[in-house]
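Colleague: sharing a sequence plus its predicted fold:
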Amino acid sequence: MANISVNISTPQLDGIIERVSPGARAELYREIAAELSETVRGHLRAYALSHHKTASRLGARPTGNLEDAKVEATSGTDGATVTVAALGIRRALGPLEIRPKGKQALTIPVAAIAYGRSVAYLKAHGVDIFRPKGKNYLATTEGKGKSAKIVPLYILAKRATLKHEPDLLPTRETLSANAFAAAMDYIMGEAS
């Protein structure tokens with residue numbers, strides 16, 4: 001009887017095993033988190049380009065809320081998290097009901113000058129704002145004397161519901177595919 005010993009060198013496989021070992025996972029998850037944060041950031045910028053309906057309707061300048069969203073990635077040895085901070089971002093998950101906090105009513109802009117600006121901001125910049133008697137809106141006046149006319153700025157509301165916007169964030173499929181691609185790039189990066 002003969003004993004045969006075969007030694008196979010697998011440096012590529014050894015590299016892959018090393019890059020997915022528990023000690024290396026923090027770096028793997030950091031790469032995935034970086035890719036997903038860029039995916040989300042790029043999606044928000046692209047989405048915002050064609051979704052300024054209210055600003056367009058009012059002839060106002062977009063606020064840049066989505067373009068300037070704060071997208072943060074954190075990671076550790078057990079996974080990665082991407083957090084998005086932007087007003088109304090929760091609409092991606094379902095309808096969003098808004099109620100006034102510390103005030104009697106929400107102020108919903110209906111004029112270009114009011115869009116993206118608070119009542120306090122307009123008042124601080126010299127706009128005289130008032131609530132016409134018996135009306136459910138805030139206004140200013142345009143013109144002087146008998147030719148002056150009331151211009152509504154904000155509708156007052158007890159609550160408002162923003163519709164569900166599932167396309168506000170990338171799809172689960174896109175996020176999964178990009179996470180997988182980032183993981184494969186990382187794993188295969190030094191293995192080849």
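Modeller: That came through, no problem. Numbering: from 1, shown residues only.
Colleague: residues contacting the biggest helix by length in the chain, please?
Modeller: The longest helix of the chain (DSSP state H) is helix 25-49. Contacts to helix 25-49, defined as C-beta atoms under 8 Å, 6 or more residues apart in numbering, come from residues 19-20, 62, 64-67, 69, 71-82, 84, 86, 167-170, 174-175, 178-179, 181-183, 185-187. Just so you know, the C-beta spots here come from the backbone N, C-alpha and C atoms, and that holds for glycine as well.
Colleague: kindly report the same for stretch 79-95.
Modeller: Against stretch 79-95 from outside (C-beta under 8 Å, 6+ apart): 29-30, 32-33, 36-37, 40, 44, 65-66, 68-75, 96, 161-169.
Colleague: from those residues, which would you call buried?
Modeller: The neighbour-count criterion (16 or more other C-beta atoms under 10 Å) marks 29-30, 32-33, 36-37, 40, 44, 66, 69, 71, 73, 75, 96, 165, 168-169 among the contacts of stretch 79-95 as buried.
Colleague: how many neighbours does I187 have?
Modeller: Neighbourhood size, I187 [other C-beta atoms under 10 Å]: 18.
Colleague: low pLDDT regions in this protein?
Modeller: Low-confidence segments of the chain, defined by pLDDT under 70: 1-2, 4-17, 190-192.
Colleague: ranges for the helices of it?
Modeller: For the chain, helices defined by DSSP H occupy the ranges 11-19, 25-49, 53-58, 119-124, 172-189.
Colleague: in this structure, where's the longest strand?
Modeller: Counting by DSSP state E, the longest strand found in the chain is strand 149-157.
Colleague: dump it to PDB, restricted to CA.
Modeller: Taking C-alpha atoms only, strand 149-157 is exported to PDB below (Å, rounded to 0.1, in the frame of the first residue of the first chain):
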ATOM      1  CA  LYS A 149     -55.100  93.600  -3.100                       C
ATOM      2  CA  ILE A 150     -54.900  90.700  -0.700                       C
ATOM      3  CA  VAL A 151     -52.400  88.000  -1.700                       C
ATOM      4  CA  PRO A 152     -52.700  84.700   0.100                       C
ATOM      5  CA  LEU A 153     -49.300  83.300   1.300                       C
ATOM      6  CA  TYR A 154     -50.200  80.200   3.400                       C
ATOM      7  CA  ILE A 155     -53.200  78.000   4.000                       C
ATOM      8  CA  LEU A 156     -53.700  77.200   7.600                       C
ATOM      9  CA  ALA A 157     -54.300  73.500   8.400                       C
END
